[in-house]
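Novice: here you go, sequence then predicted model.
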Amino acid sequence: MPDVTLTVDGKKVTAPAGTLLIEACKSVGIEVPSFCYYPNFSLQGACRMCLVKIEKMPKLQTACTTVISEGMAVTSDSAEVKQARKGMLELLLGNHPLDCPVCDAGGECELQDMTFSYGAAESKFMEAKNHRDEQQWSPVVYFDRPRCILCYRCVRVCGEGMDVWALGVQNRGVTSIIAPNKGDHLECEECGMCIDICPVGALTSGAYRYKTRPWEMKHVGTICTHCGDGCKTTLGARRSQTGLEIVRGDNRDKSGTNGDFLCIKGRYGFDFAGSEERLKQPLIRKNGRLTPSTWEEAFELVGKKFTEIRDKDGGASIGVIGSTRTTNEEAYLLSKFARTVLKTNNIDHHRTADFPALAAALRGKPEATVSMADVFTAPAILLIGNDPTEQHPLLAWQIRNNVRLHRAKLYVINSGPIKLRRQATSFTQIAPRAEGKLASFLAGDDAASDALSGSGTNNDKEAWIGLRAQLRSEQNLVIIFGSEIRGRAITSLVKFGSSIGGAKFIALADYSNSRGAADMGLYPDLLPGYHPVPISSSPFRDEWGDIPHDVGLDLPGMVEAARASKLKALHVVGSNPIGRLNIDPFVFSKSFVVVQEMFLTETAVIADVVLPADNAYEKSGTITNTCGDVQLLKKAGDISELKSDFEMMVRIADAMGHDIHKLVPFGGGERADVGFSRGAQSGEADRHAVWLEMQGLEPKLSPFDPIAILDEIQRLVPGYDVSRANLVAGNSQHTSLSKAGPSTQQNPELIIPANDNLFTSGTLGRYSRALKSVLESHEIKPAEVAAD
Amino acid sequence: MKFSEEFEARFAEMVTHYPIKRSVLVPTLLYVQDETGFLSDEVIAEIASRLDLTELDVRNVISYYSMLTTKPRGKFNVQVCTNISCMVRGGEDILDHCKKKLGIGNKGTTPDGLFSLEEVECIGACSWAPAAQVNYDFHENLTAEKIDRVLDEYKNKGTQ
């Protein structure tokens, strides 16, 4: 678009033609206030706060609906404009209860800010304010009608942004109200975006309301631990008796890939951290009962038993199950700990996508993957399998809004009528479990088309060939596939992609660090970076030393070994295989089982030692989303009695007499200051720390510092050599699979989808009161039952 | 849900008048209401599905327009104007008189289901104020006696 030049308050502004005046002003630092205007949503012109004077126009104009034109002369801060805005505020405040001291939004309320700026606190109205009692619309959404200023933001974010359309405006004039879709309650995806976007305290969160004030919390932007999309959620943490308690999750920090978006789990699902069922003390089985003990006793016992078993029966008699929610550093450390300390390759995790197959197929193909941010700008998208609306809410948001705002073409092929078909340029229903055949067909095997159309669908062969031709004619197609596509189907799909200019891939896995678990080598036959066991020429040989040569046991293999009494010990870190994967709990009755876990899960109850662990919101490190974007996890909550999985692994290695310098290459600590010189010298120490960080020489003084392992990851795991400065600054950094190791073929049967929906989150979700309450309200739907 | 053939023919034709389907919503609601008396949940669901709207969308529009109703009304809906011209010519007295005569308040319905009463804004009959509208018929230059006669006529018509 050609540029247009105008003047605002005497300042020259140049912006592309078609830009809204309010945005043009913003681009040069002139703030035009508004309530109803929100970028990327339809224009409303409802609040009249953005009135400005435009020369040659008779009245004040709304900057949010005026498109700039050449030579326009605008005044945004004259007495007339200020008076108009003050008048608008007075009208808005006409019925607004001044209950700021108890309102959740007090302190971060846009109406409060505007009233301070324009000084309309005194009202000429004498009429009594209309009061209505607060209404509960769902377990997590409350509506306080008199506070509403009818900006329609919630209506638009729910409809246009989420494609849910659960909010509307009813009646007219002074009796206008925001109304939920089911009369007195909401039936929706419970994302809570209406609460975040509300400029006042009219919509409030059931999980947070009346708990604390914004300035009493420390706000930490960290990565959500629920699904594989990697949204940034801002956790509000407040001092508690045991450390820091997380009291709120929202989207205050909009710096993540997710921008304005956050789903129910990122917003309300933090409360598992404060659950009363959290384990707070190590447990040791004594006389058949799990008995509270001390950390020292627990580490000593685990160290002694692991050493005994390793030395007597060999490392191959020990099994290790890693987590899909711990940090990359912890996954990497576990992989290293298992192979170099326990001397076993028996290591696995709950697999939900076939990343080894993707790594093998994309080897040597640079720029063949995309980040979550790119999904919002891609010109064309092919989605095979999965239901992102339920399982990857951010991905669904990116796709939906890309279609809405950039008119991207969306091709959906699914065995069910998933919701994203509403945005699709083309939706094709495929027979259940025929996705693998589809990959062959796309790659050129015409015979495979016969199996594609199920009984309920009537697509003929011609239609499939037409669809394939259309897909081949696209440029820069982003191919997104669920776990339905695995093994050889991934190879076929990548082959199909290579016939399309600029095609890129995203494989969808279900847990927050499923990708990291795969990248960090939680496989019996793969080291970090998809280097196959045994170590041959890989760089690991130099840093790790000797590791067992034989390929280890996968999860079913370990279960079989346990059944045959050959698995003497099992070390489970942040995983619940017995609860989630239908494993007979009695199989491990003869094994020494150590479980690092937050709760007494089905797996923890059979353990001989249970070590209570921090969760992702209580530690730092990095985490990789399903697209391969690495992001920094920041510590928000804190429970002083607990330890991170990282620390526990190092302590166990230490108790086994292993040289922990070899496990975690932390520094010597002679020169740097760890904070012992507080007081008069502290400023000097802090400045020194800042300098160290700038030079990439963070102290890394502690064996429990994950940054020391991050160094090793960045050195040894292909694709992870991303900008440390950007990573530490909180930006997402995309990793590439092109230089990964040759990888190996995996048994596709080992992939077991989590099958979570919007309101469930594996074992974790069971400990979230908010998620449970929403789940229950959606299952029962009392209003519908009661209606006659 | 079944509507009359006449309505269906009209709807099929109306829908072609607009570039966007939802634009036909208001006239559709009016014609349906003429047929069904009020807009029931069932009607709302039907119209929403026909026009690819949510039920909430349809309810939002209904709540905006005072001539659309989701509650049953009497057979004859007496709408008395009390806007400026009618007010200065005694419209409010007419309304009060109706309330007394019918024994119901504003927006009420008589127990026999014959009459509903409603105070309305300007109905565009200022030249003949005070005026009232019963269903689609206008009655002008009203006096207490005249409105009595009008209501009696309707009563006869309704009870025949």
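Specialist: That came through fine. Computed from a predicted structure; not experimentally measured. Numbering: from 1, shown residues only, chains lettered A, B, ... in the order given.
Novice: got the residues of chain B near chain A?
Specialist: B:54, B:55, B:56, B:57, B:59, B:60, B:63, B:64 (Cβ under 8 Å from any Cβ of the partner chain). (Glycine included, C-beta is placed from N, CA and C.)
Novice: let's see if you can find the most crowded of these.
Specialist: residue B:56 (23 neighbours; other Cβ atoms under 10 Å in any protein chain shown).
Novice: for residue A:157, see how far away that residue is.
Specialist: Here the criterion is Cβ to Cβ, to the nearest Å. By it, residue B:56 lies 15 Å from residue A:157.
Novice: tell me how many other residues crowd residue A:444.
Specialist: With other Cβ under 10 Å as criterion, residue A:444 counts 12.
Novice: off-centre distance for whichever strand or helix holds residue A:518?
Specialist: Element membership for residue A:518, per DSSP states H and E: helix A:514-519. Mean-position distance between helix A:514-519 and its chain equals 14 Å (Cα atoms, centre = their mean, to the nearest Å).
Novice: what would the residues of chain B next to chain A look like in a markdown table with pLDDT?
Specialist: Output for these, formatted as a markdown table (pLDDT from 0 to 100):
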| residue | pLDDT |
| --- | --- |
| B:54 | 95 |
| B:55 | 95 |
| B:56 | 96 |
| B:57 | 95 |
| B:59 | 96 |
| B:60 | 96 |
| B:63 | 95 |
| B:64 | 95 |
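Novice: mind listing which of those residues are in helices?
Specialist: When DSSP state H is applied, the residues of chain B next to chain A are split such that B:55, B:56, B:57, B:59, B:60, B:63, B:64 fall in helices.
Novice: gap between the lengthiest helix in chain A and the chain center?
Specialist: In chain A, with assignment by DSSP H, the single longest helix is helix A:295-313. Centroid separation for helix A:295-313 versus its chain: 36 Å, with Cα atoms, centre = their mean.
Novice: pull the residues that contact that helix.
Specialist: For helix A:295-313, the external contacting residues (Cβ atoms under 8 Å, 6 or more residues apart in numbering or on different chains) are A:282, A:284, A:317-318, A:342-344, A:568-569, A:571, A:592, A:594, A:608-609, A:611, A:643, A:648, A:651-652, A:654-657.
Novice: so residue A:13: helix, strand or coil?
Specialist: What DSSP: H, G, I helix; E, B strand; the rest coil gives for residue A:13 is strand.
Novice: what's downstream of the longest helix of chain A, the next helix or strand?
Specialist: That would be, after helix A:295-313 and using DSSP H and E, strand A:318-321.
Novice: can I get that following strand in CSV, CA atoms only?
Specialist: C-alpha atoms of strand A:318-321 as CSV (Å, rounded to 0.1, in the frame of the first residue of the first chain):
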residue,chain,number,x,y,z
ILE,A,318,17.4,-50.9,35.9
GLY,A,319,14.7,-49.2,34.0
VAL,A,320,14.1,-45.4,33.7
ILE,A,321,10.9,-43.6,32.7
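Novice: surely residue A:465 meets residue A:452?
Specialist: No: contact criterion Cβ atoms under 8 Å: residue A:465 and residue A:452 do not qualify, at 10.7 Å.
Novice: quick one, which of the two is more surrounded?
Specialist: Ranked by neighbour count (other Cβ under 10 Å), residue A:465 and residue A:452 place residue A:452 first, with 24 against 13.
Novice: ok, the more buried one touching residue A:464?
Specialist: Yes: using Cβ under 8 Å, residue A:452 is in contact with residue A:464, at 5.8 Å.
Novice: quick check: bridge partners of residue A:384?
Specialist: Beta-bridge pairing for residue A:384 (DSSP bridges): residue A:413, residue A:481.
Novice: can I see the domain layout of chain B?
Specialist: B:5-64, B:76-159 (automatic domain parsing).
Novice: out of the ones you listed, which one sits most buried?
Specialist: Compared across the domains of chain B, domain B:76-159 shows the largest average neighbour count, a mean of 17 (mean count of other Cβ atoms under 10 Å in any protein chain shown).
Novice: and the end-to-end length of that domain?
Specialist: 12 Å (Cα to Cα, to the nearest Å).
Novice: for the record, mean pLDDT for that domain?
Specialist: Average pLDDT, domain B:76-159: 94.
Novice: center of chain B, which residue is that?
Specialist: Central residue of chain B (Cα atoms, centre = their mean): residue B:67, 4.8 Å from the mean position.
Novice: who are the packing partners of the longest helix along chain B?
Specialist: Determined from DSSP H, the single longest helix within chain B is helix B:144-159. The elements that helix B:144-159 packs onto, with contact taken as 3 or more Cβ pairs under 8 Å, 6 or more residues apart in numbering or on different chains; DSSP states H and E, are strand B:76-81, helix B:91-102, strand B:115-120, strand B:132-134, strand B:137-139.
Novice: can you add distance to residue A:489 and give the domains of chain B back as a markdown table?
Specialist: Shown next, in a markdown table, are the domains of chain B (distance: least, Cβ to Cβ, whole Å):
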| stretch | distance to residue A:489 |
| --- | --- |
| domain B:5-64 | 36 |
| domain B:76-159 | 65 |
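Novice: phi and psi next, for the residue of the stretch 201-350 of chain A found nearest chain B.
Specialist: Nearest to chain B in the stretch 201-350 of chain A, going by Cβ to the nearest Cβ, is residue A:203, at a distance of 16.3 Å. The phi/psi pair for residue A:203 (degrees, to the nearest 10) reads phi -110, psi 120.
Novice: what is in contact with residue A:452 and residue A:464 at once?
Specialist: Taking Cβ under 8 Å, 6+ apart as the contact rule, residue A:452 and residue A:464 both touch residue A:441.
Novice: count of neighbours near the residue lying closest to residue A:567 once chain neighbours are set aside?
Specialist: Distances taken as Cβ to Cβ, 6 or more residues apart in numbering or on different chains place residue A:561 nearest to residue A:567, at 4.1 Å, with adjacent residues excluded. Counted with other Cβ under 10 Å, residues neighbouring residue A:561 total 20.
Novice: residues near the residue of the stretch 501-650 of chain A at minimum distance from chain B, how many?
Specialist: Here the stretch 501-650 of chain A gets closest to chain B at one residue, residue A:508, 29.2 Å apart by Cβ to the nearest Cβ. Neighbour count of residue A:508, defined by other Cβ under 10 Å: 29.
Novice: same deal with the one 4 residues further on?
Specialist: A count of nearby residues for residue A:512, using other Cβ under 10 Å, gives 32.
Novice: for it, give me its contacts.
Specialist: A:223, A:224, A:225, A:226, A:227, A:228, A:230, A:324, A:325, A:616, A:623, A:625.
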